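S.K.: Please work out how this folds:
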Amino acid sequence: MRQERREDQKKSRLLEFLGRVFGAALLFGLGLFVSFFVGFVLFEGYVGSGSVPVPDVRNMTLLEAINKATRLGLRLEVERVTSDPGAPPLAVLDQNPPPGARAKRNTRLQVVVNGGTLSEGVPVTPQKGQVSLPDVRGKSLEEAQSILEGSGLRVGRVVEVSHDTLPRGYVISQNPAPQTEVAPGSLVHLLISAGKGGGTGEVEVPDVVGLRLEEAQEVLARNGLVVGSVEEVSSEGRPGGIVVGQNPQAGELVPRGESLRLQVTRAQERPQAETDGRKTLSLRFVLPSSQNPITVQVVVQDELGERVVYEREHRGEDLVEVSALTKGRGKVTIFLNGYYYWEKKID
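M.R.: So this is what the prediction gives:
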């Protein structure tokens, strides 16, 4: 009996010792895991600071890719133009750096763009009231414009990229593609050659002061630039929507694709009673280019609280005009498809 008790006591002490060893090992392992996890998070934060994830712009149109890259602070550059019958004209076929990689802001995102092809000899019968789009590829920009206008069409966005064979100013591709049926007056976007090694680097800022906002947008697009923020300012005796200031100034050299900040005159408003301190806020801004619909949401925060004063779907490059009553100080914020786009303080 005594022998059995001694054996039980030995087993009990052994189990207690093994339990302590296992517990210590478990605590040590958890400590290592926590230390590794915290170190990994800190390392990721250190590596990711000042950088952005590279978006996947493959299968986007060139203009959509430019807008996507610009919003993330990247500079899109057309590395070369190729021909892929299975892809739409002006579609991005490949990119470098690849999607998901991290890159510092202002890094060049190089893309390969489809110049677009169409099988020859395919008869297309236009529907009544429509126009069969002429083929202006290989033509000079002036000749292409003359042909399109002679067919009752208009030149839309003109994007200039480098090309190894076509001289500067000649059409590489068009969108919509040749022989597409379109309505009279439709816009035809052109991809033109900047010559070998052209299409990148810097461009001279044109003078758009004195133009209407829509005219300024077209002039900037033809020079490889885009409209950024638009600020409304008071101007006695002048109609609304006229550009009275720009930054960068005319004549400055800026990277191709740069956004210009414009000041435009505010539309004259009828005087109204403001007994409770309310005043009318007027906004006018141009949306970025996009072939997909853009949902515009305008949110106001002031003494009256936070509220959505405008929410509507638009097309790319639309001019949006918003008017809302505000009270006291605050801010107005614009969201495009749920993403932050621009904000302005209310004084």
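
S.K.: alpha carbons only for contacts and neighbour counts from here, please
M.R.: OK.

S.K.: Pull the number of nearby residues for Arg108.
M.R.: The number of residues packed near Arg108 is 17, by other C-alpha atoms under 10 Å.

S.K.: wait, it sits on Glu79?
M.R.: No. Using C-alpha atoms under 8 Å, Arg108 is not in contact with Glu79, being 10.2 Å away.

S.K.: per-residue pLDDT, the most centrally placed residue in the chain?
M.R.: Note on the chain: the residue nearest the mean C-alpha position is Asn67, at 2.5 Å, using C-alpha atoms, centre = their mean. Here, the pLDDT recorded for Asn67 equals 78.

S.K.: my guess is it is in a strand, correct?
M.R.: No. Looking at Asn67 with DSSP: H, G, I helix; E, B strand; the rest coil, it is helix, so not inside a strand.

S.K.: I am assuming Val112 contacts Thr82, so please confirm or correct that.
M.R.: Yes. Look at Val112 against Thr82 with C-alpha under 8 Å: they come within range, at 7.1 Å.

S.K.: When the two are compared, which one has more neighbours?
M.R.: More crowded of Val112 and Thr82, by other C-alpha under 10 Å: Val112, with 21 against 15.

S.K.: Which residue ranges of the stretch 51-200 of the chain form strands?
M.R.: 51-53, 75-82, 92-96, 102-104, 108-114, 131-132, 154-161, 171-175, 181-182, 187-193 (DSSP state E, counting those that start in this stretch).

S.K.: okay, the ones you listed, which one's buried deepest?
M.R.: Ranked by mean neighbour count under mean count of other C-alpha atoms under 10 Å, these are led by strand 171-175, which reaches a mean of 25.

S.K.: Report the separation between the nearest residue to Leu133 once chain neighbours are set aside and Ser132.
M.R.: Among residues not flanking Leu133 along the chain, Gln179 sits closest, at 4.7 Å (C-alpha to C-alpha, 6 or more residues apart in numbering). Using C-alpha to C-alpha, to the nearest Å, Gln179 is found at 5 Å from Ser132.

S.K.: Quick one: end-to-end length of stretch 253-265, please.
M.R.: End-to-end distance for stretch 253-265: 26 Å, by C-alpha to C-alpha.

S.K.: where are the low-confidence patches of the chain?
M.R.: Applying pLDDT under 70 to the chain flags residues 1-50, 115-128, 162-164, 195-201, 237-238, 268-275.

S.K.: what does the domain assignment say about it?
M.R.: The chain is divided into the following domains under automatic domain parsing: 2-49, 52-114, 133-193, 204-268, 277-347.

S.K.: Any idea how far apart the tips of the second one sit?
M.R.: Pointing back at domain 52-114 there. One end of domain 52-114 sits 26 Å from the other (C-alpha to C-alpha).

S.K.: The chain should start at 55 in everything you say after this.
M.R.: Understood, numbering begins at 55; the last thing we discussed is domain 106-168.

S.K.: just how off-centre is it within its chain?
M.R.: The chain centre lies 11 Å from the centre of domain 106-168; the measure is C-alpha atoms, centre = their mean, to the nearest Å.

S.K.: do the same with the fourth one
M.R.: Using C-alpha atoms, centre = their mean, the distance from the centre of domain 258-322 to the centre of the chain it belongs to is 19 Å.
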